[in-house]
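K.L.:
have a look at this prediction, sequence included:
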Amino acid sequence: MNKTLDIFRVSDSPNNVICPPDQVFQNSNFEYMLTSGGHLVEDESQYALLMDFLKEIGEKEFVLRENWGATITDSKRSIPLEASFTIESVLSDFNEKLKEFDEKVFMAGTILHWFVNGQKDTWGIYISEYPTINIIGCLPELASGFRKIFNIKDNGYEQEKSLLESEFESAKSSNFRKVFLANYKIKNAPQQK
C-alpha cells in the first residue's frame, strides 16, 4: 500500500496544489533538511547509500510520485505519474523510469515536483523544482542517517544558502521566503532586510 498520502499533503486535484513554500509534509514532528535538488541523488554511490539506509530502517521499496498540480505541462493526464522501486534497484533503474516519464511530460519549461517515500511513515523526500532543492523530512532518530547520505550539515541551509536566497528574491510572492523558512523550521537563516 502506498503511504504517500500518509506522509505528504497531497491535493486531490491538480487545481489545489500543495508545494513549497507551503508545508508538504503531514507530520509536524519531522525534522527537515535541505540538499541540492534537480534529482534524487548526485550519483550511483549516493543512490547505493540511500538504498542501504532504507534497507537498514526496514524498507523494501520506495515510491516516486508526481506532485501533479505542481507539474506544469500541457498534458491532459487524469492521474499523476508514479513508479515503485525496490531497495535492490540501482540508479540506472531510477533514471530509466525518469526517461519514460520524460516522453510523457518533459518539454521546454516543464516544472516537475516529486514525492518520494517508502512504506513507513517515518520519512519522505520532496524533490522541488522551485526552489530547486530536495527537502528531506523524517523523524529525528533518522536524521543523522540522511545527513550522512546527503552530506548535510545541520539543516542544510548554509550549504544551499546562495541558491535559496536567489530563488527567494525571484519569487512572485514577497512572503515566499518567510513562509518557506517557517514551514521547514529553518531558524539559522539571516533575517531579510
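P.N.:
It's in.
K.L.:
find me the pLDDT at Gln46, would you?
P.N.:
At Gln46, the model reports a pLDDT of 97.
K.L.:
so what's the residue count around it?
P.N.:
The number of residues packed near Gln46 is 17, by other C-beta atoms under 10 Å. Using the backbone N, CA and C atoms, a C-beta is placed for each residue, glycine as well.
K.L.:
how about the secondary structure of it?
P.N.:
State at Gln46, reduced to three classes by DSSP: H, G, I helix; E, B strand; the rest coil: helix.
K.L.:
and for it, nearest residue in space, chain neighbours not counted?
P.N.:
Spatial nearest neighbour of Gln46, chain neighbours left out: Ile149 (6.5 Å); criterion: C-beta to C-beta, 6 or more residues apart in numbering.
K.L.:
contact partners for the one you found?
P.N.:
Counting by C-beta atoms under 8 Å, 6 or more residues apart in numbering, Ile149 makes contact with Gln46, Leu49, Leu50, Phe53.
K.L.:
can we see that at 6 Å?
P.N.:
Leu49, Leu50, Phe53 (C-beta atoms under 6 Å, 6 or more residues apart in numbering).
K.L.:
only the buried subset of these, as a PyMOL command please.
P.N.:
Under the burial definition 16 or more other C-beta atoms under 10 Å, those of those that qualify are selected in PyMOL by:
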select buried, resi 49+50+53
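K.L.:
could you dump the contacts of Ile149 into CSV with pLDDT and distance to Cys138 added?
P.N.:
Formatted as CSV, the contacts of Ile149 follow (pLDDT from 0 to 100; distance: C-beta to C-beta, whole Å):
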residue, pLDDT, distance to Cys138
Leu49, 98, 15
Leu50, 98, 12
Phe53, 98, 11
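K.L.:
among the contacts of Ile149, name the ones in helices.
P.N.:
Among the contacts of Ile149, the members falling in helices are Leu49, Leu50, Phe53 (criterion: DSSP state H).
K.L.:
just the residues you listed now: which is nearest Phe115?
P.N.:
Leu50 (15.5 Å; C-beta to C-beta).
K.L.:
tell me the spacing between that closest one and Leu34.
P.N.:
16 Å (C-beta to C-beta, to the nearest Å).
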